[in-house]
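**Student:** after the sequence you'll find the predicted model.
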Amino acid sequence: MRLPAFAGMPGGGARVEGACRSPLARQRIVQIYLPIADIPVNIFLLLAMGLAVGFISGMFGIGGGFLMTPLLIFIGVEPAVAVASVTTHVAASSFSGAIAYWRRRVLDFTLALTLLAGGIVGSAGGVALFTWLRVLDQLDLVIGLSYVTLLTVVGVLMVGESARAIMRSRQGKPVELRRPGSHTWFHGLPLKLRFKRSKVYVSAIPVLAIGFIIGFLGAVMGIGGGFLLVPMLIYLLRVPTMTVIGTSMVLTFLTMVAATVLHAVTNHQVDAVLALILMVGGVTGAQFGAQAAQRIRGEWLRLFLGLLVLAVGMRFAFQLVIRPDDLYSIRLVGGVL
Amino acid sequence: MRVLYAATLAAALFTAGAVPAAAERLVASLSDRHVMITSNYSGVELVLFGSVERDTSSAVHSNPYDIVATVIGPRQTLRTRRKQRVLGIWVNTAARTFVDPPSYLAVLANRPLDSIANAETRRRLQLGIADTPLPELINNDIGEAANDPFRAATVRLLSERGLYGEQANAVTFLTPTLFRAAIRLPAQVPVGDYTVDVKLFADGNVIGHTALLFEIVKVGFEQFVVEAARDHGLLYGLATACMALATGWIASVAFRRD
């Protein structure tokens, strides 16, 4: 957030015009005015944020929305504009990531489309709950609590599992993620589908259910849901880590394209200029992230993602528990949050 | 816009002229009446300048003139919320809705307001932020509460953003009758019509006033984007989505290593 020009102006009226112009002129080189967000921001800051989040999203196969949205709100973008514009950024970032994985033939279209079918139904239910929570005026609290709960649980589970896997491989035992004998109860369900690329043969019901949960939580929490989908596919369906990431990318870009159009039609809060700057950084970062992921072992990748998810969850928890700097906050009536 | 401006000016001149026993005429103008928001906009400074014209019938004042200029931006409804600790976490427990407060409010003067006019006059003229009414929605009724912490918090938060401010040294008299003042508009100011109300004081009384208007507008590409997003949501959304896919595809081609 830029400092107010008003307060820091001793004897503002007495100053000569030329003296005031030079700091403004210097800012103009890097500042760009965002038409929908209605604020000027540093273009290099946005590019750097896009690059960093893009690298992480390419590496782990997550959209990165749960990182980018809080970052944008932190630099002063309205939450509604941030959420809407991030969907566009995530669409670009995940599309370039999906192409990179498709070239390596490590994504599963059948799996992605089955998940999408469940996701669409889940999104509709999530939007309904979202609207109902807004009426109760405690939407931000519910979102905050869901972030804390979900991110902490998922983070702890992932860190624990991947740490055990790393220990096993350190002790010289083979890393055996897919244990043939360990079929869970849902392997007995009907409507079995063969997902060739992922080398799994399971019922469509758990796949649709996972899609539903991702769509539902995505709509309520304003996230793509990649960080939930990745562990669910790995631990519940036992899909290999490599295929999971590419598949998650495909699902993310399909849902985010739909979300962009939906946000543009319903609340007109998509800032194309903001999205473009973010995505230029994002797609670049995603390429390097995807390449870096090829060189890192699956269990280490899962450990890093788990730690990242846990860190963001902790940050939300602190925000709820620690006394805020200012007990008061203002918002324009008519905004989303 | 032009007509409105002319009408306001005429009305201002008329009322100024109608004040008896004070033949001073206040003439003021702004350095710019259209502030354009372009891609490199990062706040702007407007200059208000004016002079007090005296004639032979003007009363003789023992003290020099004082000027108070009040700049008011477009009105928007705000909601101010207060957090409280509930079961260990901080939750918004109370909120007030302010009905149509100015989005921008700057009070510029040549010396502290309390030395220009007494409390009674300031209250009557709604001079200064403290005496500007900020009506709240209370039980489906619009009114003001005394010593309201929500009002104080709202003014404080808006002041921190540079949107509200009171400057006792913003108006400079270049000669005893010629003055200028800088109106600082931070980058976050909302677009719309702004009014500048200039009041001339002598010996603690208003002896003339004039009103000016300026507008902040988006032009060029910024205006195109805003209008497209607002009026053609579906097309805009599809175009943005295509832009996203094109960017993603270009990146994957550009960075292709195999």
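**Tutor:** Okay, I see it.

**Student:** show me which residues of stretch A:216-235 are buried.
**Tutor:** A:216-234 (16 or more other Cβ atoms under 10 Å in any protein chain shown). (Each C-beta comes from the backbone N, C-alpha and C, glycine too.)

**Student:** tell me which element residue A:93 falls in.
**Tutor:** Per DSSP states H and E, residue A:93 falls inside helix A:79-103.

**Student:** which element follows that helix toward the C-terminus?
**Tutor:** Using DSSP H and E, the next helix or strand after helix A:79-103 towards the C-terminus is helix A:109-135.

**Student:** next SSE downstream of that next one?
**Tutor:** Beyond helix A:109-135 on the C-terminal side, the first helix or strand identified by DSSP H and E is helix A:139-170.

**Student:** contacts for the very next helix or strand once past that next one, please.
**Tutor:** For helix A:139-170, the following helix or strand on the C-terminal side (DSSP H and E) is strand A:192-195. The contact list for strand A:192-195 (Cβ atoms under 8 Å, 6 or more residues apart in numbering or on different chains) reads A:108, A:110, A:111, A:114, A:200, A:201, A:202, A:203, A:204, A:207, A:239.

**Student:** which non-adjacent residue is nearest the third one?
**Tutor:** What it means is residue A:111. Of all residues not flanking residue A:111 in the chain, residue A:195 sits nearest, at 4.7 Å (Cβ to Cβ, 6 or more residues apart in numbering or on different chains).

**Student:** just the pLDDT for that neighbour.
**Tutor:** The model reports residue A:195 with a pLDDT of 74.

**Student:** now the one 5 residues further on
**Tutor:** Per-residue confidence for residue A:200 comes out at a pLDDT of 73.

**Student:** quick check: mean pLDDT across stretch B:99-110?
**Tutor:** 92.

**Student:** strands of chain B, start to end?
**Tutor:** Applying DSSP state E to chain B gives strands spanning B:25-30, B:34-37, B:44-53, B:66-72, B:78-86, B:89-98, B:105-109, B:136-138, B:141-143, B:164-167, B:171-173, B:178-185, B:192-202, B:205-218.

**Student:** angle of the fourth one against strand B:44-53?
**Tutor:** If you take axes from the mean of the first three to the mean of the last three Cα atoms, to 10 degrees, strand B:66-72 sits at 140 degrees to strand B:44-53.

**Student:** what pairs with strand B:66-72, parallel or antiparallel?
**Tutor:** Strand B:66-72 has the following strand partners under DSSP bridges: strand B:105-109 (antiparallel), strand B:192-202 (antiparallel).

**Student:** and for that strand, what's in contact with it?
**Tutor:** By Cβ under 8 Å, 6+ apart, the residues outside strand B:66-72 that reach it are B:48, B:50, B:102, B:104-111, B:113, B:116, B:127, B:170-171, B:173, B:179, B:181, B:183, B:194-202.

**Student:** once you drop chain neighbours, what's closest to residue A:215?
**Tutor:** Leaving aside its sequence neighbours, residue A:215 sits nearest to residue A:122 (Cβ to Cβ, 6+ apart; 2.8 Å).

**Student:** low-confidence regions, the stretch 1-150 of chain B specifically.
**Tutor:** Along the stretch 1-150 of chain B, segments meeting pLDDT under 70 span B:1-23, B:58.

**Student:** enumerate the residues of it near chain A.
**Tutor:** The stretch 1-150 of chain B comes close to chain A at residues B:37-43, B:45, B:47, B:76-85, B:88-92, B:95, B:97, B:106, B:108, B:150, as judged by Cβ under 8 Å from any Cβ of the partner chain.

**Student:** my read: residue A:34 touches residue A:273, true?
**Tutor:** Yes: at 5.5 Å, residue A:34 counts as touching residue A:273 under the criterion of Cβ atoms under 8 Å.

**Student:** what residues are shared contacts of these two?
**Tutor:** Counting by Cβ under 8 Å, 6+ apart, nothing touches both residue A:34 and residue A:273.

**Student:** can I get the strands of chain B in CSV including mean neighbour count?
**Tutor:** Listed next are the strands of chain B as CSV, based on neighbours: other Cβ atoms under 10 Å in any protein chain shown:
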stretch, mean neighbour count
strand B:25-30, 18
strand B:34-37, 17
strand B:44-53, 18
strand B:66-72, 24
strand B:78-86, 17
strand B:89-98, 17
strand B:105-109, 24
strand B:136-138, 17
strand B:141-143, 10
strand B:164-167, 23
strand B:171-173, 19
strand B:178-185, 23
strand B:192-202, 21
strand B:205-218, 19
